[in-house]
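Student: based on what follows, work out the 3D shape:
(one chain, ligands or ions: 2)
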Amino acid sequence: MIDTPKANRMHIAIFGKRNVGKSSLINALTGQQIALVSDMAGTTTDPVYKAMELLPVGPVVIIDTAGLDDHGEIGELRVKKTREVMEKSDLALLVFTADDESLSLEKEWYRELHARKIPVIGVINKIDEADAELEVFQTQFDIPFIKVSAKQRTNIGKLKEAIQNHAPADFERPTLLGDIVKSKDIVVLVAPQDIQAPKGRLILPQVQIIRDILDQHALALTVTDGELEDILTALKHDPDLVITDSQVFDKVNKILPNHVPLTSFSILMARYKGDLDVFVQGAKAIDRLQSGDKVLIAEACTHHALKGDIGREKLPVWLAQKTGGTLDVTINAGVDFPDDLTPYKLIVHCGACMFNRKQLMTRLARSEDQQIPITNYGVAIAHIHGMLDRVMRVFKRSEQDWTSKG
Ligand SMILES: Nc1nc2c(ncn2[C@@H]2O[C@H](COP(=O)(O)OP(=O)(O)OP(=O)(O)O)[C@@H](O)[C@H]2O)c(=O)[nH]1
Ligand SMILES: [Mg+2]
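Tutor: Numbers count the residues shown, from 1 in each chain. Ligands and ions are numbered 1, 2, ... in the order given. Next comes the predicted model:
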């Protein structure tokens, strides 16, 4: 997948004295064993970089560093490297433990971070061992504090929320298609024949995507599914990309030669506003649904549902067919999203064209916290029709490019 360039990812650095649990924290935040943890002070020697989608924040690089209090000849070199990390940090986590006796080193680092206008969040770790008096810290540092246990993963969700709230504002995905469409590419857009948009208009995702194609100086051709064959015949060569409405996926898939890249409006919006990997994972839960399971269909706006509405009518039928029985479907429309998602076996979200990225990412984070699979209309429909691999092909690329050092 050609994804957010590393430079556009928010860089979150973890600083603190040796042994406070910085490496344990990067492991807890990523949910993976990224960094080596041991009770020997000075385990981490060089900065460790991990690129990932951090919910609800978005694409980030998290950086684990060596302890600030390292000393001796090599120790000082390590501190120098840690200091260099500051140069590329957009946000810093300053890690403490409750029994910290001297805070002078942290104060020095805090002053430097502050001078560089890098937002800092204080993280008091190991609260499973010793609870901390927040006031003691708060009187000495003018920053928000979160108490966590990296080891037991306590309050890691709260920490992610704090990161979201204190993150600099300008880390949204720059374009919908800028990384997959180039100048002069021919992009065919397919709308269903019974266009549900208000008479005389296109729906917002179509408008946004056409605008984005024009921004790339590519060519946008809009047809309904009935005219797709005509346009393919009329073109001198295959289109570089076809973007279809999810409702006619199946039909388009049959008409379009397999080598022509195909995706949907809804999937592009899901990538732009949310986290496509989470939605793809979530779609796999469709295969585990059983008759009688509760499913939440979430819509961002309260549009007037027409006959054959995708979320209200088609999707529930398709999902139920997969289970061979019936499902207990709840429709949730608008800005209220249930706090408790645990009754549901699956959440299927609309394209969220009326939401900004943060709103949708917050919902993804809540689902992740409660371990409820969440997917999106387009991704779900592609999966139901056995086309998920095909419609994801255009984004394929490994995350590894962004996981290397530096
Ligand atoms: N009880 C408890 N122990 C923790 C917690 N987090 C880390 N530890 C332990 O503290 C020790 C140091 O953890 P690390 O994550 O390696 O600490 P670090 O800050 O990366 O250390 P250096 O790399 O040496 O600077 C290990 O023995 C961890 O298991 C926690 O939340 N609770
Ligand atoms: Mg470490």
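
Student: who touches the host helix or strand of Ile209?
Tutor: Element membership for Ile209 (DSSP states H and E) is helix 204-215. Under the contact criterion C-beta atoms under 8 Å, 6 or more residues apart in numbering, helix 204-215 has outside partners 175-178, 181, 187, 189, 191, 197, 202, 219-220, 222, 243, 265-266, 268-269, 351, 353-354. C-beta coordinates here come from the backbone N, C-alpha and C atoms, glycine included.

Student: roughly how far out does it sit from the chain middle?
Tutor: On the basis of C-alpha atoms, centre = their mean, to the nearest Å, helix 204-215 is displaced by 22 Å from the centre of the chain it belongs to.

Student: report the rounded mean pLDDT for it.
Tutor: Averaging pLDDT along helix 204-215 yields 89.

Student: output it as CSV, restricted to C-alpha atoms.
Tutor: What follows is helix 204-215, C-alpha atoms only, in CSV (Å, rounded to 0.1, in the frame of the first residue of the first chain):
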residue,chain,number,x,y,z
LEU,A,204,-20.3,14.0,-1.4
PRO,A,205,-17.7,11.2,-1.8
GLN,A,206,-18.1,11.3,-5.6
VAL,A,207,-17.7,15.1,-5.6
GLN,A,208,-14.6,14.9,-3.3
ILE,A,209,-13.0,12.2,-5.4
ILE,A,210,-13.6,13.9,-8.7
ARG,A,211,-12.1,17.0,-7.2
ASP,A,212,-9.0,15.0,-6.1
ILE,A,213,-8.6,13.4,-9.5
LEU,A,214,-8.6,16.9,-11.1
ASP,A,215,-6.0,18.0,-8.5
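
Student: tell me the strands beside the helix or strand that it is followed by, with direction?
Tutor: Next helix or strand after helix 204-215 toward the C-terminus (DSSP H and E): strand 219-224. If you go by DSSP bridges, strand 219-224 pairs up with strand 186-191 (parallel).

Student: so which residues of this protein form strands?
Tutor: Secondary structure of the chain (DSSP state E): strands at 10-16, 48-54, 58-64, 91-97, 120-125, 145-147, 186-191, 219-224, 241-244, 262-264, 294-299, 328-333, 346-349, 374-376.

Student: wait, which of those strands is closest to ligand 2?
Tutor: When the strands of the chain are compared by C-beta to the ion, strand 58-64 sits nearest ligand 2, at 6.0 Å.

Student: helices or strands up against the closest one?
Tutor: On a contact count with 3 or more C-beta pairs under 8 Å, 6 or more residues apart in numbering; DSSP states H and E, strand 58-64 meets strand 10-16, helix 22-30, strand 48-54.

Student: go through those and name the closest to ligand 1.
Tutor: helix 22-30 (3.3 Å; C-beta to the nearest ligand atom).

Student: separation between Asp277 and Asp225?
Tutor: Plainly put, Asp277 is 29 Å away from Asp225 if you go by C-beta to C-beta, to the nearest Å.

Student: okay, the two: which has more neighbours?
Tutor: Set side by side, Asp277 and Asp225 show more neighbours around Asp225, with 20 against 16, by other C-beta atoms under 10 Å.

Student: who's in contact with the closest residue to Phe337 other than its chain neighbours?
Tutor: Distances taken as C-beta to C-beta, 6 or more residues apart in numbering put Arg363 closest to Phe337, at 5.5 Å, once the chain neighbours are dropped. Contacts for Arg363 were tallied using C-beta under 8 Å, 6+ apart; they are Pro56, Ala298, Phe337, His349, Ile374.

Student: in the sheet, who's paired with the second one?
Tutor: Just to be clear, that refers to Ala298. Beta-bridge partners for Ala298, by DSSP bridges, are Asn332, His349.

Student: give me the neighbour count for it.
Tutor: Ala298 has 26 neighbouring residues, counting by other C-beta under 10 Å.
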